[in-house]
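>>> Fold the following.
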Amino acid sequence: MCSVKDGLIERDNYSLAGKTAVVTGAARGIGRAIALELARRGASVVVNYRTRQEAAEEVVRLAKELGADAVAVQADVSDDAAARALVAAGAQRWGKVDILVNNAGIAHYGLLLDTTVEQWDLLMGVHLRGAFNCTRAALPGMIRRGYGRVINIASVWGQVGAANEVAYSTAKAGLIGFTKALAKEVGRGGITVNAVAPGVIETDMLNGLTPDEKAALAEATPVGRLGSPEDVAGIVAYLASPAGGYVTGQVIGADGGMT
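Below is the predicted model:
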């Protein structure tokens with residue numbers, strides 16, 4: 001419960017004890033950091049993966065070392081039946097799903113004229129249809145209980161666009177629109193919907209860049225460095241907590257001041 005004492009929010013208002021979270025694309029990078037941060041704050045976590053089972057099982061092991069319960073569940077979130085089974089796995093294990101983090105995503109670099117229809121559809125399927133599928137599966141239970149947190153991992157490129165990443169930027173911009181509209185639709189049901197828009201984060205998605213290119217991106221960032229997955233995870237944990245209960249329909253930048 002939210003409580004205030006002597007004008008200060010009590011520390012347990014940031015606890016996720018007793019909550020259950022589903023984090024898509026949680027085997028590596030930002031999703032991994034989010035899953036572990038939620039576990040650190042007491043949540044039980046479904047660690048979703050598509051192909052990286054060993055990495056997902058490692059996240060589960062680390063979550064359990066933090067004192068949380070966790071399970072790895074394989075699912076391609078762009079498939080509706082698989083997404084429903086993913087959310088159901090959390091509900092069956094712990095009786096409910098309180099928090100959904102739509103993080104699963106893939107990168108694509110290239111000119112629009114070099115982007116194939118198949119590549120375009122793949123990005124929209126993972127980023128947009130994946131979020132739609134998982135959210136639609138989680139919402140009925142949240143509505144019944146009058147409580148829920150939906151957090152979508154967007155991108156700074158969804159806000160300002162990036163040359164040579166038109167498909168990716170479009171998918172992330174769509175996720176921002178999804179966030180803002182859904183927040184208005186379910187707010188009176190006790191459900192908040194927010195997006196976090198990371199800037200340039202040090203993950204596998206940067207593997208195609210040279211050290212000089214990474215250095216240039218860090219130089220272009222006002223704080224003078226690239227972000228870490230943990231920089232994003234802390235914001236997600238706040239939005240997932242009772243302390244974030246009056247924040248909805250927002251896009252929170254985790255970009256070191258880029259925007």
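>>> Tell me the helix or strand right after the worst-scoring helix or strand of the chain on mean pLDDT.
Sorted by mean pLDDT, DSSP states H and E, the helices and strands of the chain end with strand 8-9, the least confident at a mean of 52. As assigned by DSSP states H and E, the chain's next helix or strand after strand 8-9 is strand 20-23.
>>> need the longest strand for this protein.
Counting residues, the longest strand found in the chain (DSSP state E) is strand 191-198.
>>> quick one: low-confidence parts of this structure?
1-11 (pLDDT under 70).
>>> Now with 80, please.
1-12, 205-209 (pLDDT under 80).
>>> Can you show me the helices along it?
Applying DSSP state H to the chain gives helices spanning 29-40, 53-65, 80-94, 117-124, 130-145, 156-160, 166-186, 211-220, 229-240.
>>> quick one: the longest strand of the chain to helix 29-40, angle?
130 degrees (axes from the mean of the first three to the mean of the last three C-alpha atoms, to 10 degrees).
>>> now for strand 191-198, which elements pack on it?
Judged by 3 or more C-beta pairs under 8 Å, 6 or more residues apart in numbering; DSSP states H and E, the packing partners of strand 191-198 are helix 130-145, strand 148-153, helix 156-160, helix 166-186, helix 229-240, strand 251-254. Where C-beta positions appear, they are placed from N, C-alpha and C, glycine not excepted.
>>> center of the protein - which residue?
Asn103 (3.4 Å; C-alpha atoms, centre = their mean).
>>> Tell me which residues touch Phe178, please.
Phe178 makes contacts with Leu128, Ala131, Phe132, Asn152, as judged by C-beta atoms under 8 Å, 6 or more residues apart in numbering.
>>> Any quick PyMOL command for the buried ones out of those?
Here is the PyMOL command that selects the buried residues among those (16 or more other C-beta atoms under 10 Å):
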select buried, resi 128+131+132+152
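>>> Thank you kindly, that will do.
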